[in-house]
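S.K.: what shape does this take:
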Amino acid sequence: MKISNAREKFRLILIVGASLLVIGINSQAQDSTKQTNATEPPPKPKPVKNTFGSQWIIENQTVMVPVKGTLELDFQHRFGVVGNGYQDFWGLFSPSFDIRIGASYSPVKNLDLGIGITKTGLLWDGSAKYAIIQQTNGVYPVSVTFFGDAAINTFKDAALYDGSPVMHNSDRWTFFSSLIIARKITDRLSVQITPSLSHQNAVGGYYTKNDTSGSTIYKSMYHDHFAIAVCARYKFSTYSSIIFDYDQPITKHPDFNPNPNLSLGIEITTSGHCFQMFVTNYSLLNPQNNNLWNRNSPFSYTDKSTGTSVSGGQWVIGFNLTKLWNY
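M.R.: As a prediction, the model looks like this:
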């Protein structure tokens, strides 16, 4: 598969996700018209429940916010890249694995506050999530939730993405904000689109000469990075679902451009647990770090150490496990 063709196909996913939301909104408008023409007054509408099975859908937050008084514990694991095959048992025994342990609590209605620590960089993160509107038949065709995250790398010898050392404590900080728009189209199918902005306080780079003019230019990244994600869940049984996640970078940087992410997996839910297992290209377990610095490609890529083209992409096996308590 050629890189250009593959990327074009997966970018169509963004259009498909938007189309599904539009179709769902249009069908709800037709239902509302039918209710208006009914002789009996319709019952008071209630928000749609269980759009997704968890606050997570692989690498992204979902539109869901737990009910007031809910405590959630998250355990997330990403193994190494599967490309080494049997030598590290397809990444399962790779020393490059990553783990995040987190917890969140909903002190008031529609608000969830979280904290977590990730192995890579000893990264501490704090987050806030607020449900702005909830899908309600005849009132709101979609659910909209804001999610924000701030993270600090506390590793002693922390470095920037280009390998240069961190000079100031403020350079250790990164930030993420997103607006999650989702619709439960049927009892089985839910989709969401998430535009996001990631910010890094410090950027590294290098000087090089322009190939045509010969002038010296600086290759680096911008501080801000825009991206968009499309996620979906399809329930094929009472407790089991197929889950999908695609993340597309939008900002074009002078250099160090991140790769998109493609994820596919299975989800098993109960009243208090959710388990997701999947293959993915993201491995950094933090939304802004994944969006800014993902080096794993879901398409064919060039091995920089050898200069040869490698087909099949760079994949990571991962899982998310969440446990809920309600007080």
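S.K.: could you pull out the strands in the stretch 1-150 of the chain for me?
M.R.: Taking DSSP state E, counting those that start in this stretch, the strands of the stretch 1-150 of the chain run over residues 56-57, 60-61, 70-81, 98-105, 111-118, 123-133, 143-153.
S.K.: which one, of these, ends up nearest to residue 49?
M.R.: Between residue 49 and these, the tightest spacing by C-beta to C-beta is seen for strand 143-153, at 10.7 Å. For every residue, glycine as well, the C-beta is placed using N, CA and C.
S.K.: pull the residues that contact stretch 147-156.
M.R.: Residues outside stretch 147-156 that contact it (C-beta atoms under 8 Å, 6 or more residues apart in numbering): 61, 121-129, 166, 172-178, 180, 286-289.
S.K.: shaky segments in the chain?
M.R.: In the predicted model of the chain, residues 1-39, 42, 211, 301-311 satisfy pLDDT under 70.
S.K.: any chance of the strands of the stretch 1-150 of the chain in a markdown table, with distance to residue 189 and mean neighbour count too?
M.R.: Shown next, in a markdown table, are the strands of the stretch 1-150 of the chain (distance: least, C-beta to C-beta, whole Å; neighbours: other C-beta atoms under 10 Å):
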| stretch | distance to residue 189 | mean neighbour count |
| --- | --- | --- |
| strand 56-57 | 13 | 26 |
| strand 60-61 | 17 | 26 |
| strand 70-81 | 25 | 19 |
| strand 98-105 | 26 | 17 |
| strand 111-118 | 25 | 18 |
| strand 123-133 | 20 | 18 |
| strand 143-153 | 15 | 20 |
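S.K.: want to throw those strands into JSON lines with distance to residue 185?
M.R.: Below are the strands of the stretch 1-150 of the chain laid out as JSON lines (distance: least, C-beta to C-beta, whole Å):
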{"stretch": "strand 56-57", "distance to residue 185": "15"}
{"stretch": "strand 60-61", "distance to residue 185": "18"}
{"stretch": "strand 70-81", "distance to residue 185": "26"}
{"stretch": "strand 98-105", "distance to residue 185": "27"}
{"stretch": "strand 111-118", "distance to residue 185": "24"}
{"stretch": "strand 123-133", "distance to residue 185": "17"}
{"stretch": "strand 143-153", "distance to residue 185": "12"}
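S.K.: for residue 90, which of the ones you listed is the nearest?
M.R.: For the strands of the stretch 1-150 of the chain, proximity to residue 90 was assessed by C-beta to C-beta; strand 70-81 is nearest, at 8.1 Å.
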